[in-house]
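*Asks:* Pasting a predicted model and its sequence here:
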Amino acid sequence: MDLNLKGKTAFITGSTSGIGFATAKALAKEGAKVIINGRQKMSVSAALERLHSMVPEAEVEGIATDFSNIASVASLLEQVPSVDILINNVGIYSSQTFFETTDEDWQRQIEVNIMSGVRLSRYFLPKMLEANWGRIIFISSECASLVPADLIAYSTTKAALLAISRGLAQLTTGTDVTVNTIIPGSTGTEGAEQFLANIAHKENKTREQVELDFFTQVRTSSLLQRFASVEEVANTITYFASPLSAATNGAAIKIDGGSIGGIL
């Protein structure tokens with residue numbers, strides 16, 4: 001299926017690995033120009049090299065930005081005057097109890113997970129409205145609803161994205177601009193794979209046994225009963241970034257393997 005993405009420019013925050021990188025690859029395969037992003041120049045350069053090797057014909061660029069630093073964000077905006085597609089994917093977390101989570105921990109996650117998308121959307125959305133076409137996609141998490149006890153701050157930031165996305169969508173009434181939120185469930189990112197490997201080594205189990213234990217003992221609500229691949233999540237994001245998704249606006253789209261539950 002041709003998603004009609006040729007000639008479109010997409011900027012994806014936090015895209016040197018994981019879901020962000022997989023989405024960059026999927027968009028590049030569809031013919032979109034892709035600007036990837038990471039915190040360090042070295043990681044951005046390495047990701048660009050990987051992307052070129054996977055999609056030799058890809059038109060890709062990379063920009064390093066620290067979203068916890070307002071000056072760094074301002075520099076980014078000077079380098080990227082406009083885009084057709086903005087994917088607010090960058091996110092950080094710290095696994096610790098509520099009582100151990102300091103004000104600084106909360107503030108850093110708010111700055112990176114929430115304010116990155118706020119600042120970029122505030123900059124790019126007016127340009128999209130003027131052009132009468134654009135896509136803004138926020139990447140939330142099943143944790144916004146499930147709220148693990150060791151991820152309360154992270155879950156709070158991911159829940160906030162749902163409200164921001166819905167609010168911005170209401171500003172697009174009558175235009176060909178859409179704003180939606182994607183809600184991934186447990187996904188086999190590099191971080192998840194490292195987590196599984198560490199537990200397997202610690203408990204003298206296979207990686208497959210650790211994954212099985214996770215879904216039978218921790219994420220018991222999952223209907224998928226496995227980690228989704230980053231490609232499975234990226235394929236859905238790519239569709240909603242395309243012109244073919246024009247009738248979906250202000251929505252929260254689950255790719256959670258059924259873990260959140262409910263009929264809405």
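*Replies:* Everything's here; your move.

*Asks:* CA atoms for contacts and neighbours, from now on please.
*Replies:* Fine.

*Asks:* and the residue most central in space within the chain, what is it in contact with?
*Replies:* What sits nearest the mean C-alpha location of the chain, by C-alpha atoms, centre = their mean, is residue 89, with 2.7 Å. By C-alpha atoms under 8 Å, 6 or more residues apart in numbering, the contact set of residue 89 is 12-15, 20, 138-140.

*Asks:* Could you give the number of residues near the residue nearest to residue 14 when sequence neighbours are not counted?
*Replies:* Nearest residue to residue 14, sequence neighbours excluded (C-alpha to C-alpha, 6 or more residues apart in numbering): residue 90, at 4.1 Å. Residues lying near residue 90 (other C-alpha atoms under 10 Å) number 23.

*Asks:* for residue 81, same thing?
*Replies:* Using other C-alpha under 10 Å, residue 81 has 10 neighbouring residues.

*Asks:* State the helix or strand in which it lies.
*Replies:* Residue 81 belongs to no helix or strand when assigned by DSSP states H and E.

*Asks:* Using the three-state scheme, assign residue 16.
*Replies:* With DSSP: H, G, I helix; E, B strand; the rest coil as the basis, residue 16 sits in coil.

*Asks:* My read is that it contacts residue 44, right?
*Replies:* Yes - assessed by C-alpha atoms under 8 Å, residue 16 is found in contact with residue 44 at 5.9 Å.

*Asks:* so what's in contact with those two at the same time?
*Replies:* What both residue 16 and residue 44 touch, as defined by C-alpha under 8 Å, 6+ apart, is the set 36-38.

*Asks:* Now for residue 54: which residues touch it?
*Replies:* Contacts of residue 54 (C-alpha under 8 Å, 6+ apart): residue 25.

*Asks:* how close does it sit to residue 214?
*Replies:* Here residue 54 is placed at a distance of 32 Å from residue 214 (C-alpha to C-alpha, to the nearest Å).

*Asks:* all helices for the protein, in order.
*Replies:* Along the chain, the stretches classed as helices by DSSP state H are 18-29, 41-54, 70-79, 103-109, 116-131, 143-146, 152-169, 190-203, 207-213, 230-240.

*Asks:* what would these look like in JSON lines with distance to residue 221?
*Replies:* Listed next are the helices of the chain as JSON lines, based on distance: least, C-alpha to C-alpha, whole Å:
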{"stretch": "helix 18-29", "distance to residue 221": "22"}
{"stretch": "helix 41-54", "distance to residue 221": "34"}
{"stretch": "helix 70-79", "distance to residue 221": "38"}
{"stretch": "helix 103-109", "distance to residue 221": "26"}
{"stretch": "helix 116-131", "distance to residue 221": "29"}
{"stretch": "helix 143-146", "distance to residue 221": "10"}
{"stretch": "helix 152-169", "distance to residue 221": "17"}
{"stretch": "helix 190-203", "distance to residue 221": "18"}
{"stretch": "helix 207-213", "distance to residue 221": "13"}
{"stretch": "helix 230-240", "distance to residue 221": "19"}
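
*Asks:* Rank the helices and strands of the chain by mean pLDDT and give me the bottom one.
*Replies:* When the helices and strands of the chain are scored by mean pLDDT, DSSP states H and E, helix 190-203 comes last with a mean of 92.

*Asks:* Mind listing what's buried along that one?
*Replies:* Within helix 190-203, the residues scored as buried using 16 or more other C-alpha atoms under 10 Å are 196-197, 200.

*Asks:* between it and helix 18-29, what angle do the directions make?
*Replies:* Helix 190-203 and helix 18-29 are oriented at 140 degrees to each other (axes from the mean of the first three to the mean of the last three C-alpha atoms, to 10 degrees).

*Asks:* Many thanks, we can stop here.
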